[in-house]
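**Student:** Turn this into a structure:
(one chain, ligands or ions: 1)
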Amino acid sequence: MPHVVFIGAGPGSADLITVRGARLLSQAQVVLFDALTDPALREHAPQARWVDVGKRGFGHATGQAAINEMLVHEALTHERVVRLKGGDPSVLGRLEEELQALATHGIDCEVVPGVTAALAAAAHTRRPLTRRGHGRSVSLTTAMTQLGVLQATRTADTEVFYMAGRQLGALADKLMQAGWPADAPALVVSRAGWPDALVSEHRVADLADAEPLHAGRPAVVTVGAGAGPSVATSPQDPAA
Ligand code: SAH
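**Tutor:** Presented below is the predicted three-dimensional model:
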């Protein structure tokens with residue numbers, strides 16, 4: 001009976017995977033993995049054939065249709081196929097399309113959650129996404145529409161934007177159009193969860209200043225309550 005396990009690898013270093021994810025990974029015969037996952041995860045499944053499907057979150061080396069096809073093919077020819085995805089599979093990871101492809105072929109599956117980039121960024125900066133009294137809601141939002149158009153929103157007290165790293169200046173304008181005050185706090189964290197994570201602190205209006213520091217690195221932009229200073233200082237906190 002073919003069975004595919006989707007596993008969230010976490011956003012950074014290999015030890016951010018869950019215990020369940022690591023256990024199921026160790027049983028894999030084939031692993032289809034995203035480019036943003038830590039190569040050290042191979043140590044969990046040295047027996048498996050590891051296939052880089054090259055998805056980077058910004059620009060896809062392998063198109064989604066080809067990934068779906070490959071996944072179905074591997075699932076029909078192997079019993080234990082793992083689809084290893086960066087962060088959490090259910091957050092901006094096109095999981096639905098892959099689930100649909102498997103369902104079309106009657107292939108069973110399981111999804112193991114992972115740590116999404118927004119949470120690693122909050123942990124790294126010691127800046128909680130919710131704040132008692134003024135931060136009751138959090139939104140995880142892609143800054144890119146399906147058609148590749150930059151779009152911002154103000155739907156929650158804390159809004160975390162994914163996939164905006166290359167256009168922070170333009171994002172600032174969109175944020176203000178969406179109703180964020182020019183002086184609302186904004187935090188950019190790139191490579192959250194990795195040892196070389198970088199953080200910069202801004203006001204919405206000055207987000208463009210972050211571009212050179214984070215160029216070419218996956219980054220999330222936290223805006224609003226969760227981007228404000230927290231009581232803890234951290235070595236990575238530029239304001240500390
Ligand atoms: N499923 C993933 C998100 C994939 S979309 C998750 O749950 O984290 C790809 C986007 O995620 C990137 O453009 C970037 O905005 C963000 N991202 C992925 N890894 C990151 C990291 N280590 N640090 C900061 N942002 C990251």
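
**Student:** so where do the helices sit in the protein?
**Tutor:** Shown for the chain, the helices assigned by DSSP state H span residues 19-25, 64-77, 95-104, 117-125, 168-177, 211-214.

**Student:** Which one of those lies nearest to residue 197?
**Tutor:** helix 117-125 (5.4 Å; C-beta to C-beta). From N, CA and C alone the C-beta is placed, and that goes for glycine too.

**Student:** If we go by neighbour counts, what in stretch 133-142 is buried?
**Tutor:** 135, 138-141 (16 or more other C-beta atoms under 10 Å).

**Student:** if I look at the residue in the chain positioned nearest to the ligand, how far off is residue 11?
**Tutor:** Taking C-beta to the nearest ligand atom, the ligand has its nearest neighbour within the chain at residue 87, 2.0 Å off. As judged by C-beta to C-beta, to the nearest Å, residue 87 and residue 11 stand 5 Å apart.

**Student:** Just the buried residues of stretch 13-21, please?
**Tutor:** Using 16+ other C-beta under 10 Å as the test for burial, stretch 13-21 gives 13-14, 16-18, 21.

**Student:** Span of it from start to end?
**Tutor:** Stretch 13-21 has an end-to-end distance of 14 Å (criterion: C-alpha to C-alpha, to the nearest Å).

**Student:** Contacts for that stretch next, please.
**Tutor:** Counting contacts by C-beta atoms under 8 Å, 6 or more residues apart in numbering, the residues outside stretch 13-21 that touch it are 7-10, 25, 38, 40-41, 43-44, 112-115, 120, 193-195.

**Student:** Report the contact partners of residue 176.
**Tutor:** Each residue near residue 176 by C-beta under 8 Å, 6+ apart is listed here: 182, 204-205.

**Student:** Surely the residue of the chain closest to the ligand and residue 6 touch.
**Tutor:** No. Residue 87 is not in contact with residue 6 according to C-beta atoms under 8 Å; the separation is 11.9 Å.

**Student:** okay, these two: which has more neighbours?
**Tutor:** The neighbour count for residue 87 versus residue 6, taken as other C-beta atoms under 10 Å, is higher for residue 87 (31 against 27).

**Student:** so where's the protein uncertain?
**Tutor:** Of all residues in the chain, those with pLDDT under 70 make up the ranges 1, 55-61, 232-240.

**Student:** The ligand contacts on the protein?
**Tutor:** Where the chain comes near the ligand, counting by C-beta under 6 Å from any ligand atom, the residues are 11-12, 36, 57-58, 85-88, 91-93, 116-117, 121, 162-163, 165, 189-194, 218-220.

**Student:** List buried residues within those residues.
**Tutor:** When burial is judged by neighbour count using 16+ other C-beta under 10 Å, the buried members of the residues of the chain next to the ligand are 11-12, 36, 57, 85-88, 91-93, 116-117, 121, 162-163, 165, 189-194, 218-220.

**Student:** What about these, which are in strands?
**Tutor:** In strands, judged by DSSP state E, the following of these are found: 85, 162, 189-190, 219-220.

**Student:** Of the helices of the chain, which stretch is the most buried?
**Tutor:** Comparing the helices of the chain by mean neighbour count (mean count of other C-beta atoms under 10 Å), helix 117-125 comes out on top with a mean of 24.

**Student:** Who are the packing partners of that helix?
**Tutor:** Counting by 3 or more C-beta pairs under 8 Å, 6 or more residues apart in numbering; DSSP states H and E, the packing neighbours recorded for helix 117-125 are strand 158-162, strand 185-190, strand 219-224.

**Student:** Just the CA coordinates for the second one, please, in PDB.
**Tutor:** In this case it means strand 185-190. Below are the C-alpha coordinates for strand 185-190, written out as PDB (Å, rounded to 0.1, in the frame of the first residue of the first chain):
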ATOM      1  CA  PRO A 185       7.500  48.500  14.200                       C
ATOM      2  CA  ALA A 186       8.900  46.100  11.600                       C
ATOM      3  CA  LEU A 187      11.400  43.400  12.100                       C
ATOM      4  CA  VAL A 188      13.300  41.500   9.300                       C
ATOM      5  CA  VAL A 189      14.800  38.100  10.200                       C
ATOM      6  CA  SER A 190      16.700  36.200   7.500                       C
END
